[in-house]
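A.B. asks: here is my input, please return the structure:
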Amino acid sequence: MNSKKESLWSKVSTFLVFAGPATFAFLAVVIVPFLYGVYLTFTSWDGVSSNKPFVGLKNYAAVVADSSFWQSLGLTLLYVVVSVILVNVIGFLLALLVTGKIKGKNFFRAGFFTPNLIGGIILGYIWQFVFNKVIVYFGDALNVTVLQKSMLSGSASAFAALVLVTIWQFSGYMMLIYIAGLTGVSEDLKEAAKIDGCNESQTTRYIVLPLMRASFTICMFLTITRCFMIYDVNLSLTEGGPYGSTVMAAMYVFQKAFSAKQYGVGQTEAIILFIFTAVIAVSQTIINKRKEVEA
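C.D. replies: Down below sits the predicted model:
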């Protein structure tokens, strides 16, 4: 009996020594604030005062009736679909390029990955200057009508600008994950496919892609979660304009909580956005994991 207690205590002490600090940090930074946030959804707190009146489900009813929030969530969903597809397609093509027979592979890998190292706020201001000044200048100089007007001046074009910046930022990061997947495919399998008469495209389609499902799962999860939570680039590039046409869900939540001083409603919208994101991200992960097993 004593030996079992000593063994249990040994396991607990080992856990506390090695995983204890990380567990405490996770609880303090993630779990406790999340639970406190859930509690705030049942209050009418303004984000400033010490008084937090309990209002029950009124905040949830207000969110359901808030058409502007659902409009921003719908726009975010459209942005996620377009961005996730393009980021992953371009990231995979870049991975194929830099793992092929070209010179300066490491240079290109570093170059494509560099945009991911730039902070979203800085990135947005850089591209705002590019869209408003650089492209317009060349449009005037070359007398190209399409380029004489800033992309950020129209609703559809500003949305396209957000997508372009997202692709430029994230594609290089996804490229690295796809490179790991490509290099993990056995060369013997590729050679066997070529001996059996498969050309390069057939080898990629029937051999390489099925063996890279783990990479696709990771990249899809990362791009979905990042795109749903976009705020920094949205703020610095378009500021939600023109006329509020590019306000994504995260920006709308921030404005509701901190600008309108309706923290309870804003926190409720944040919880709904989190649930929406988690359901989609986890669902695609489960589906892709099942396909990994099948492959």
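
A.B. asks: CA atoms for contacts and neighbours, from now on please.
C.D. replies: Noted.

A.B. asks: give me every residue that touches the residue lying closest to Leu273 once chain neighbours are set aside.
C.D. replies: Leaving aside its chain neighbours, Leu273 sits nearest to Ala249 (7.4 Å; criterion: Cα to Cα, 6 or more residues apart in numbering). Listed by Cα atoms under 8 Å, 6 or more residues apart in numbering, the contact set of Ala249 reads Phe69, Ser72, Leu73, Leu75, Thr76, Phe228, Met229, Leu273.

A.B. asks: pick the one among these closest to Met212.
C.D. replies: Checking the contacts of Ala249 against Met212 with Cα to Cα, the nearest one is Phe228 at 24.4 Å.

A.B. asks: what is the least confident helix or strand in the chain?
C.D. replies: Every helix and strand of the chain was ranked by mean pLDDT, DSSP states H and E. The lowest is helix 2-18, at a mean of 73.

A.B. asks: which of the residues in that helix are buried?
C.D. replies: Residues of helix 2-18 include none that count as buried (16 or more other Cα atoms under 10 Å).

A.B. asks: tell me the first helix or strand C-terminal of that helix.
C.D. replies: Reading on from helix 2-18 to the C-terminus, the next helix or strand found by DSSP states H and E is helix 20-26.

A.B. asks: continuing past that next one, what's the next helix or strand?
C.D. replies: helix 32-40.

A.B. asks: name the residues of that next one that come out as buried.
C.D. replies: Neighbour-count burial for helix 32-40 flags Gly37, Val38, Leu40 (criterion: 16+ other Cα under 10 Å).

A.B. asks: now do the strand or helix carrying Gly111: which elements does it pack against?
C.D. replies: Following DSSP H and E, one finds Gly111 within helix 105-113. With contacts taken as 3 or more Cα pairs under 8 Å, 6 or more residues apart in numbering; DSSP states H and E, helix 105-113 sits against helix 67-98, helix 155-183.
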